[in-house]
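Undergrad: need coordinates for the following:
(2 chains)
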Amino acid sequence: MVIGLQHYLILSAVLFSIGLYGVLAKRNAVIILMCVELMLNAVNITLVAFSRYVVPAMLTGQVFAIFVIVVAAAEVAVGLAIIFAIYRGLEDIDVSKINLLKW
Amino acid sequence: MNLALFIPEIALLATAAIVILLDLFIEQKRWLAQVSISGLVISGGVAIAMWGGSYPAIFNNMLAVDNFALFFKMLFLGVAFLVILSSTDYVSKFSRFQGEYYALVLLATLGMMLMAATTNLIAIYIALELTSISLYALVGFLKDSKSTEASLKYLLLGAIASAVLLYGMALVFGFTGKTQLSEIAQVLQALPQTTLLASPGLLLGVVLLVAGFGFKIAAVPFQMWVPDVYEGAPTPITAYLSVASKAAGFAIILRVFFSAFGIPVWLSQNWGLIFASLAVISMTIGNITAIPQTNIKRMLGYSSIAQAGYLMVGLAAMGMASGISILGQSGVLFFLTSYAFTNLGAFIAVIAISNKLDSDLIADYSGMGKRAPLLALALTLCLVSLIGMPPAAGFMAKFYIFNAAVQHGLLWLVIIAVINSVISAYYYLRVVKVMWLGETASAEKVPSSGALRLALLLCCLGVLLLGIIPGYAMGLAQFAANIFVY
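TA: Residues are numbered from 1 along each chain as shown, chains lettered A, B, ... in the order given. Model prediction:
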């Protein structure tokens, strides 16, 4: 079997969906952040695969993916800081217990 | 490339760095606000001086320096100016990190200025994240349990939204091979309609872009974060979020959907219809859920969802016009300007009142007309403008946007929007009624600082001027929207 563009796209779609499921179903804030990372990395696979098969002469997709990785690192840094602040007040990072604000 | 065209952004970035450094050395923390404001004034002065000219794009065509971008730069700088002015009291109560507060506001403004100027998918993503990450930190700035909770919710939902947006961008890139908006448009134009319709991946990409940007502008069904974040965040930041972040989202939607997906008429009319349906549900759900609210920040949060709905009527008109007129686009720009003054004014009055009361409950506003007549009058003016009644700015803004929609065959949408405006009058006027007719709990006056009063005065003047003589501002909006014609 020749591995082609569609295999990469299916892989990334599956990873994206697993990430989205995790975000919606998990209760632990850190695991939710990890699932967001999974979604972003699924996008990176899409970008690099498209770049390799659609515009092989250019590195657009790869450059895009590098930017995504860097920005995601910054986002996680802020996210972990916020989770830390929550933990200091609540001694827990279960998102179902973070429920002061509703309706 | 001419770096001189980038001076407004450089000035802002330098000011943010200076503010952080100064915070380490000086004892008199009130200088931080003054340094931030002087940075905004320099940046705004350069942007105003550049207005009207035609300049080449910079950074390898990543950033356009056109009048549309300059219009939004001036809007964001003005909003940041008013927000910093109204935060000075609030921030002076912080024991630490005053410099970081101002620096983050400046960096978020920088991100928004870049958002309005970018013409490339990669740069759009980075500008959007620069804005978002600064705002996540600002929302959690108070570090009490409500503020951190709001910040976590904003961060998690924002991260999901940006992942969805990125997936959309990746699909659009994959099916066109381009990241530059104008080049995407060229590829789409060259393809026949049957080929485009046979590749649902591209259309899925467009829909995911709508979802990602919809989060930024707080359109239903991507609005879940709005009430919680608005309630938990420091009030000046809530004001900033509700105005500038929304305006930045609309700036980027206008540019992306016009420059990249505006050309095949059927495509443009289809996303016009997507925005029309989002407008209907945003207006209806925003207004109906605002009715039972007891917290004024939360109520204004739901009201901002409804306002995003009115704004999307303009986007729908732009999609239907598909480049033959700029009524929808210029209507959106004018609405955003009037909404900026109106909502900032409302929030600044809320800041002044809650500084004294330490409460955001509408019930506690009872008798405010006797305790603080000027504040209550200003808040009344802003609420009247949010309803869209003359002589306030909101009336002219809605008039222009609804006119654009009627001109392009969206009469049904305008009828729904007008019915919604009537519903919204109920919950806005309820606050007015409580303030002027309610019993006073105590006869104590509500004091407010000079900076806060100046900011509120500027907002009220803006609301009145835009409402009574809208011609000049409308001329500016039309001039800026002129990049959106073929």
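
Undergrad: which parts of the stretch 1-150 of chain B sit against chain A?
TA: By the rule C-beta under 8 Å from any C-beta of the partner chain, the part of the stretch 1-150 of chain B lying against chain A is B:121-122, B:125-126, B:129, B:132-133, B:136-137, B:140, B:143-146, B:148-150. Any C-beta I mention is one placed from the backbone N, CA and C, and that applies to glycine too.

Undergrad: just the buried subset of those, please.
TA: Taking 16 or more other C-beta atoms under 10 Å in any protein chain shown as the criterion, what is buried in the residues of the stretch 1-150 of chain B next to chain A is B:121-122, B:125-126, B:129, B:132-133, B:136-137, B:140, B:145, B:148-150.

Undergrad: top helix in chain A by residue count?
TA: helix A:60-90 (DSSP state H).

Undergrad: which residues touch the closest residue to B:Ser151 other than its chain neighbours?
TA: Closest residue to B:Ser151 in three dimensions, ignoring its sequence neighbours and counting by C-beta to C-beta, 6 or more residues apart in numbering or on different chains: B:Gly140, at 2.9 Å. Counting by C-beta atoms under 8 Å, 6 or more residues apart in numbering or on different chains, B:Gly140 touches A:82, A:85, B:147-148, B:150-152.

Undergrad: let's see it at 6 Å
TA: B:Gly140 sits next to A:82, B:147-148, B:151 when contact means C-beta atoms under 6 Å, 6 or more residues apart in numbering or on different chains.

Undergrad: phi first, then psi, for B:Ser325.
TA: Reported as degrees, to the nearest 10, the phi and psi values for B:Ser325 are phi -140, psi 160.

Undergrad: do the same with B:Thr118
TA: According to degrees, to the nearest 10, B:Thr118 has phi -70, psi 150.

Undergrad: isn't it right up against B:Ala127?
TA: Yes: with contacts counted by C-beta atoms under 6 Å, B:Thr118 reaches B:Ala127, the gap being 5.4 Å.

Undergrad: ok so, going back, give the rounded mean pLDDT of the longest helix of chain A.
TA: Per-region confidence: helix A:60-90 scores 93 on mean pLDDT.

Undergrad: same question for stretch B:19-29.
TA: Here the average pLDDT along stretch B:19-29 is 90.

Undergrad: chain neighbours aside, what residue packs nearest to B:Ile122?
TA: For B:Ile122, the closest residue by C-beta to C-beta, 6+ apart turns out to be A:Phe64, at 5.2 Å.

Undergrad: surely that neighbour touches A:Ile45?
TA: No: A:Phe64 is beyond contact range of A:Ile45, at 11.9 Å (criterion: C-beta under 6 Å).

Undergrad: higher neighbour count, those two?
TA: Set A:Phe64 next to A:Ile45 and count neighbours by other C-beta atoms under 10 Å in any protein chain shown: A:Phe64 wins out with 27 against 19.

Undergrad: state the distance from that one to A:Leu80.
TA: 25 Å (C-beta to C-beta, to the nearest Å).

Undergrad: same question for B:Leu32.
TA: Taking C-beta to C-beta, one finds B:Leu32 at 27 Å from A:Leu80.

Undergrad: and what of A:Arg88?
TA: 13 Å.

Undergrad: the helix or strand that contains B:Tyr310 vs chain A: in contact?
TA: Using DSSP states H and E, B:Tyr310 maps to helix B:296-321. No: judged by C-beta under 6 Å from any C-beta of the partner chain, helix B:296-321 and chain A are separated, with a smallest distance of 8.5 Å.

Undergrad: can you check stretch B:214-229 too?
TA: Yes: using C-beta under 6 Å from any C-beta, stretch B:214-229 comes into contact with chain A via B:Asp228.

Undergrad: buried residues, that stretch. List them.
TA: For stretch B:214-229, by 16+ other C-beta under 10 Å, it's B:214-220, B:222-223, B:225-229.

Undergrad: tell me which other helices or strands the longest helix of chain A touches.
TA: If you count contacts as 3 or more C-beta pairs under 6 Å, 6 or more residues apart in numbering or on different chains; DSSP states H and E, helix A:60-90 packs onto helix A:29-54, helix B:121-139, helix B:145-176.

Undergrad: next SSE after the longest one?
TA: The reference is to helix B:145-176. That would be, after helix B:145-176 and using DSSP H and E, helix B:181-190.

Undergrad: got the angle for that following helix vs helix B:121-139?
TA: Interaxial angle, helix B:181-190 versus helix B:121-139 (axes from the mean of the first three to the mean of the last three C-alpha atoms, to 10 degrees): 130 degrees.

Undergrad: which parts of helix B:181-190 are buried?
TA: Within helix B:181-190, the residues scored as buried using 16+ other C-beta under 10 Å are B:181, B:183-185, B:188.

Undergrad: what is the burial count for B:Tyr102?
TA: B:Tyr102 has 29 nearby residues by other C-beta under 10 Å.

Undergrad: contacting residues for it?
TA: B:19, B:32, B:36.

Undergrad: cutoff 8 Å now
TA: B:16, B:19, B:32-33, B:35-36, B:84, B:87, B:91.

Undergrad: hang on, the earlier thing: among the buried residues of stretch B:214-229, which are in helices?
TA: Using DSSP H, the subset of the buried residues of stretch B:214-229 located in helices is B:214-217, B:225-229.

Undergrad: how about TSV for those, with pLDDT added?
TA: Formatted as TSV, these follow (pLDDT from 0 to 100):
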residue	pLDDT
B:Gly214	94
B:Phe215	94
B:Lys216	92
B:Ile217	93
B:Trp225	93
B:Val226	94
B:Pro227	93
B:Asp228	93
B:Val229	95
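
Undergrad: okay, those in JSON lines with distance to B:Ala378 next?
TA: Below are those laid out as JSON lines (distance: C-beta to C-beta, whole Å):
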{"residue": "B:Gly214", "distance to B:Ala378": "32"}
{"residue": "B:Phe215", "distance to B:Ala378": "31"}
{"residue": "B:Lys216", "distance to B:Ala378": "28"}
{"residue": "B:Ile217", "distance to B:Ala378": "26"}
{"residue": "B:Trp225", "distance to B:Ala378": "28"}
{"residue": "B:Val226", "distance to B:Ala378": "24"}
{"residue": "B:Pro227", "distance to B:Ala378": "24"}
{"residue": "B:Asp228", "distance to B:Ala378": "27"}
{"residue": "B:Val229", "distance to B:Ala378": "25"}
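
Undergrad: not counting the worst-scoring helix or strand of chain B on mean pLDDT itself, show me its contacts.
TA: Scoring the helices and strands of chain B by mean pLDDT, DSSP states H and E places helix B:193-198 at the bottom, with a mean of 78. For helix B:193-198, contacts defined as C-beta under 8 Å, 6+ apart pick out B:188, B:202-203, B:264, B:266-267.

Undergrad: ok, which pair from the residues you listed is furthest apart?
TA: Across these, the longest distance by C-beta to C-beta is 13.4 Å; it joins B:Leu202 and B:Trp266.

Undergrad: not counting sequence-adjacent ones, nearest residue to the residue minimising distance to the centre of chain A?
TA: By C-alpha atoms, centre = their mean, chain A has its centre lying nearest to A:Glu37, at 2.5 Å. In this structure, A:Glu37 finds its nearest non-sequential neighbour in A:Ala72, 6.4 Å apart by C-beta to C-beta, 6+ apart.
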